[in-house]
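Novice: sharing a model prediction with you, sequence too.
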Amino acid sequence: MTTIADNLQELRQRMAQACERTGRDVTQVTLLAVSKTFGPEAVAEAVAAGQHAFGENYIQEGVEKILALQELLPGQTLEWHCIGPVQSNKTRLVAAHFDWVQTVDRLKIAQRLSEQRPDGLAPLQVCLQVNVDGGANKSGVSPAELPELAQAVARLPHLRLRGLMCIPEPAADFEAARAVCQRARTLFDGLNTNGMHLDTLSIGMSADMEAALAAGSTMVRVGRAIFGNRSART
């Protein structure tokens, strides 16, 4: 039976090989372990294997896990990313407990996060979620509306705009997946050309990680390949 440590080692090898194929330095890519539906003990096992950045989709579950890990691993510095949808009634929890939020797609949400970030905490690191596929039922700001939102969010206090996050639809093959990821990279580069100074392109998961890295992703969000199949939420 493979362990979380085994899975992390294999995943890091995949990342290194993918970066080598395109002449990239794997140390410039962040691995975000998506720990949703897995308990604090699984996170602690990943920490023991050298993983320190974790992503949570469900805000209340994430906050409970953050607090549990503070007790389970006192003195251990972990980085917590909110990668699920943020409703107005949950912004205070996100602002108080998470280090990053990658799913901002409305100015109203960004304003509330800025206003509710507690004094004494570092600025909340923010990515804008972009709907690169154009799906009507998908979250994310449209590419056309992205520049205006980026400029507005960058001006807010208590937030630091770091980059973009995308969740592409499953693609038929590697080249199709890379093409979609490249759209996100083009948007990212366009904002930087206009003076935004972004450094984070969060795109790529277990199935399309290699394609995302080929397109220039700087952060991959992986759950299943680390923790295994998810248990159902109750």
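Specialist: That came in fine, so what should we check first?
Novice: doesn't residue 81 fall inside a strand?
Specialist: Yes - secondary structure assignment places residue 81 in a strand (DSSP: H, G, I helix; E, B strand; the rest coil).
Novice: need the contact list for it.
Specialist: With contacts defined as Cβ atoms under 8 Å, 6 or more residues apart in numbering, residue 81 is in contact with 32, 53, 54, 55, 56, 98, 99, 100, 101, 102. The C-beta positions use only the backbone N, C-alpha and C, and glycine is treated the same way.
Novice: for it, name its beta-bridge partners.
Specialist: residue 55, residue 100 (DSSP bridges).
Novice: measure it to residue 22 for me?
Specialist: 25 Å (Cβ to Cβ, to the nearest Å).
Novice: what do you get for residue 123?
Specialist: 32 Å.
Novice: looking at these two, which one has more neighbours?
Specialist: Set residue 123 next to residue 22 and count neighbours by other Cβ atoms under 10 Å: residue 123 wins out with 15 against 11.
Novice: quick one: distance of the lengthiest helix in the chain to the chain centre.
Specialist: Longest helix in the chain by number of residues (criterion: DSSP state H): helix 174-193. Helix 174-193 sits 16 Å away from the centroid of its parent chain (Cα atoms, centre = their mean, to the nearest Å).
Novice: now stretch 219-234
Specialist: On Cα atoms, centre = their mean, the centre of stretch 219-234 falls 13 Å from the chain's centre.
Novice: repeat that for stretch 70-84.
Specialist: Going by Cα atoms, centre = their mean, where stretch 70-84 is centred and where its chain is centred differ by 15 Å.
Novice: which residues does residue 53 contact?
Specialist: Residues in contact with residue 53 (Cβ under 8 Å, 6+ apart) are 30, 31, 32, 33, 78, 79, 81.
Novice: now which of those would you call buried?
Specialist: Buried by 16 or more other Cβ atoms under 10 Å: 30, 31, 32, 33, 78, 81, out of the contacts of residue 53.
Novice: you'd agree residue 60 is up against residue 94?
Specialist: No - using Cβ atoms under 8 Å, residue 60 makes no contact with residue 94, being 10.6 Å away.
Novice: when those two are compared, which one has more neighbours?
Specialist: Between residue 60 and residue 94, counted using other Cβ under 10 Å, residue 94 has the larger neighbour count: 27 against 10.
Novice: what about that one, distance to residue 88?
Specialist: 11 Å.
Novice: same deal with residue 27?
Specialist: 38 Å.
Novice: try residue 227
Specialist: Residue 227 is 30 Å from residue 88, by Cβ to Cβ.
Novice: repeat for residue 64
Specialist: 21 Å.
Novice: and those two? which has more neighbours close in?
Specialist: residue 64 (15 against 10).
Novice: my read is residue 230 is in a strand, agree?
Specialist: No - Residue 230 sits outside any strand when classified using three-state DSSP, being coil.
Novice: can you name the residues that contact it?
Specialist: Residues in contact with residue 230 (Cβ under 8 Å, 6+ apart) are 36, 37, 38, 223, 224.
Novice: which ones among these map onto helices?
Specialist: Per DSSP H, the contacts of residue 230 map to helices at residue 224.
Novice: out of the contacts of residue 230, which end up buried?
Specialist: Here, 16+ other Cβ under 10 Å leaves 36, 37, 38, 223 buried among the contacts of residue 230.
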